[in-house]
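Student: Using only what follows, build the 3D model:
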Amino acid sequence: MIPMRNSIATRLLAITFSIYFVVAVVVTLGHMKFEYDQAKQNIIADLKVFHNTFQPILSQMVWSINRDALHKTAEGIAEAPTIAGVRIIANGIDEVAVGTILDDRRDVFSYEFPIIYKTGDGGEQVLGKAIFYSSNAIVFQRVKYGFAVIIINAIIKTVALWMIFYWLSYRILRRPLVKLTEAVRDIDFIHLEQARIALGTQGRDELKVLEEAFNGMIAKLLTARDELREANHTLERKVEERTEQLKESLEEEQAATYELEEQGKALDQTNMELEESNRTLRLALADLHAAQGQLIQSEKMASLGQLVAGIAHELNTPIGNALVTATILESAARDLQGAYQRGDLRKSSLSFYVENTISMAELVTRSCSRAADLIASFKQVSVDQTSEKRRVFNLRELIEDNVAALRPGFRHAPWVITIDVPSDIRCDSYPGPLGQVIANLVQNALLHGFEGRETGTLTISGTLRDGMVEIVFNDDGKGMSSEVLAHIFEPFYTTRLGQGGSGLGLSIALNIVTGILGGSVLASSEPDRGTCIVVTMAAIAPRQAGEGGMQ
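Tutor: Numbering: from 1, shown residues only. Now for the predicted structure:
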């Protein structure tokens, strides 16, 4: 028996997993490097957000030369999870430094911006500068769980693939080949009946053909042996009976020799068939190598760990912002209370507190709303078709109401939404789910289609034809590639994972339209040529289970 270390299956397994191990290590390291760089860019973006948030507060404190409040504000900022230290350098005030502020450390990076005070006459005056510091340790803290998931995932896939391939190679290739080798080696021409083999393969594959060819060869050998025995018996009988007829006996012997030559030719043909079977086996091995390449390609699918890391980051950012802002708001309130109790409360201090309280309260509201919206979106993956109310409504009024509800979220943006829907289209359907679809498609256009653009127009048009309502959402944004377009309706697919996108908006919209509203959704797009999404639904929606008559 061939040792296991010298078998074809073992060598195939060793070559396969040597290549796979190198590819897996390179891909895993590249994935970890990408996650680390992405997390660092997100932290720098957070520092820029703090710049926009605290610029007015810092400029007011520096202008009023309030070093104590400036120091408390710096301490509050330094408590943010993405900030390692804060440094404020201003004219007329001693430098304020909190946390880690070493510029010469390679594991520390910073974001610097000027402190600008806007004077009453509309002018601006630079009072100093502020520097927010972060570190690679903070970056690693954010991505360490993602690293662990990536490494564990790679190890599990590698071990599982090794065990599966080892089992399959032993069961499908090595065990049948061992049986065939032993059968060929142990052929007993005296007891050919015992030389037949059964490789135990499923279906008619190459090994099954080889098994049939081998057993066919044995059958032909048995036939040849029986015929040879019969010929010998006949020859012996004729020699005994016709010893006097030498010529006839010689002719009979020649006939027997001719039969033996024919049998030899049959054996040669059998050998040729065996060689053909060996060639078929080599082709089967080539097919196994091709299957190996397909297995390696299939391992490039994204893991569930990436999605979990992206969702955790999305919830951590708004909650962290709300916590930092609330801490600063509490500190400002205590300062105002102290000034009131001491009796030195001034109108300027109160005005400063009110203005900044409003802006910080808006930031807290936006952060909490973002977290609530994200959680609500994940709850909407499976649409409950029996929980919505049905009524008759005007389509244009419904679209205008939903767009009006969304406008506060982008009232400062230069984007334009136009509605071109006839005022006489009435639907007997579910306004709640349809409003959800409209909101998701509008927000998707504003967040993705106009990202990085200073202008943009979204046109919403509608028509009624043959009992079907067609609503078209057409924007002139940056569009999508064919690769992205093919996946936009898949749950959790997003091009902004870890940057505010959950990947659920279009999936929820598709489920609602095809489920509750009895329609369909089609999308078309090209890079830099905008996106067009067409929602087709029944003007009279199909009845849901347990639903009564028209309301």
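
Student: quick one: low-confidence parts of the stretch 201-350 of the chain?
Tutor: 201-207, 284-285, 287-318, 321, 324 (pLDDT under 70).

Student: immediately after the helix ranked longest in the chain, which helix or strand?
Tutor: Longest helix of the chain, by residue count under DSSP state H: helix 8-63. Once the chain leaves helix 8-63, the next helix or strand it forms, by DSSP states H and E, is helix 67-78.

Student: follow-up on the earlier one: helices and strands around the longest helix of the chain, which ones?
Tutor: Applying 3 or more C-beta pairs under 8 Å, 6 or more residues apart in numbering; DSSP states H and E, one finds that helix 8-63 contacts helix 67-78, strand 85-90, strand 108-118, strand 124-135, helix 136-168, helix 246-298, helix 304-342, helix 347-379. Where C-beta positions appear, they are placed from N, C-alpha and C, glycine not excepted.

Student: redo that, cut-off 7 Å
Tutor: If you count contacts as 3 or more C-beta pairs under 7 Å, 6 or more residues apart in numbering; DSSP states H and E, helix 8-63 packs onto helix 67-78, strand 108-118, strand 124-135, helix 136-168, helix 246-298, helix 347-379.

Student: Name all residues that make contact with F352.
Tutor: Shown in contact with F352 (C-beta atoms under 7 Å, 6 or more residues apart in numbering): Q60.

Student: In terms of pLDDT, where does it sit?
Tutor: What the model reports as pLDDT for F352 is 77.

Student: same check, this time on D424
Tutor: 91.

Student: Next: the one 10 residues further on.
Tutor: pLDDT, the model's per-residue confidence, is 90 for L434.

Student: Quick one: residues in contact with the one helix or strand it maps to.
Tutor: Using DSSP H and E, L434 sits within helix 431-444. Helix 431-444 has contacts (C-beta under 7 Å, 6+ apart) with 388-389, 391, 393, 398-399, 402-403, 406, 458, 473, 505-506, 508-509, 512-513, 516-517, 533, 535.

Student: Figure out which of the helices and strands packed on helix 8-63 is closest to V421.
Tutor: V421 lies closest, by C-beta to C-beta, to one member of these: helix 347-379, at 26.1 Å.

Student: Can you name the next helix or strand after the helix holding L434?
Tutor: Taking DSSP H and E, what comes next after helix 431-444 is strand 456-465.

Student: domains in this structure, as residue ranges please.
Tutor: Per automatic domain parsing, the structural domains of the chain span 1-172, 187-298, 391-538.

Student: thinking again about what came up before, quick one: the longest helix of the chain to helix 67-78, angle?
Tutor: 170 degrees (axes from the mean of the first three to the mean of the last three C-alpha atoms, to 10 degrees).

Student: Now tabulate the helices and strands packed on helix 8-63 in a markdown table and tack on distance to T223.
Tutor: Listed next are the helices and strands packed on helix 8-63 as a markdown table, based on distance: least, C-beta to C-beta, whole Å:
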| stretch | distance to T223 |
| --- | --- |
| helix 67-78 | 95 |
| strand 108-118 | 86 |
| strand 124-135 | 85 |
| helix 136-168 | 38 |
| helix 246-298 | 8 |
| helix 347-379 | 73 |
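
Student: Minimum distance to A84: which of these has it?
Tutor: When the helices and strands packed on helix 8-63 are compared (using C-beta to C-beta), the closest one is strand 124-135, at 4.6 Å.

Student: circling back: check the contacts of helix 431-444 for burial and list the buried ones.
Tutor: Buried subset of the contacts of helix 431-444 (neighbour count, 16 or more other C-beta atoms under 10 Å): 388, 393, 398-399, 402-403, 406, 458, 473, 505-506, 508-509, 512-513, 516-517, 533, 535.

Student: from the middle of its chain, how far away would the strand or helix carrying T234 be?
Tutor: Under the criterion of DSSP H and E, T234 resides in helix 206-241. Here the centre of helix 206-241 is set off from its chain's centre by 64 Å, with C-alpha atoms, centre = their mean, to the nearest Å.

Student: quick check: angle from it to helix 246-298?
Tutor: Orientation of helix 206-241 against helix 246-298 (the same axes, to 10 degrees) gives an angle of 170 degrees.

Student: same for helix 206-241, what does it pack against?
Tutor: Using 3+ C-beta pairs under 7 Å, 6+ apart: helix 206-241 touches helix 175-185, helix 246-298.

Student: any chance of these in CSV, plus distance to S331?
Tutor: Below are these laid out as CSV (distance: least, C-beta to C-beta, whole Å):
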stretch, distance to S331
helix 175-185, 75
helix 246-298, 55
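
Student: Can you tell me which of these is packed in deepest?
Tutor: With neighbours taken as mean count of other C-beta atoms under 10 Å, those reach their highest mean count in helix 175-185, at a mean of 15.

Student: quick one: it to helix 206-241, angle?
Tutor: 20 degrees.

Student: what separates helix 175-185 from the chain centre, distance-wise?
Tutor: 46 Å.

Student: what pLDDT, on average, does it get?
Tutor: 71.

Student: same check, this time on stretch 441-459
Tutor: On average, stretch 441-459 scores 82.

Student: how about it: buried residues?
Tutor: Applying 16+ other C-beta under 10 Å to stretch 441-459 flags 441-442, 444-450, 456, 458-459 as buried.

Student: distance between stretch 389-399 and the chain's centre?
Tutor: 37 Å.

Student: now the end-to-end length of that stretch.
Tutor: End-to-end distance of stretch 389-399 (C-alpha to C-alpha, to the nearest Å): 17 Å.

Student: can you list the residues that contact it?
Tutor: 419, 421-423, 425-432, 434-435, 438, 460, 462, 469, 541, 547, 551.

Student: do stretch 272-282 as well
Tutor: 206, 209-210, 213, 217.

Student: Dump those to a markdown table, plus distance to E112 and neighbour count.
Tutor: A markdown table is the format used below for the contacts of stretch 272-282 (distance: C-beta to C-beta, whole Å; neighbours: other C-beta atoms under 10 Å):
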| residue | distance to E112 | neighbour count |
| --- | --- | --- |
| E206 | 70 | 18 |
| V209 | 75 | 16 |
| L210 | 75 | 23 |
| A213 | 80 | 17 |
| M217 | 85 | 21 |
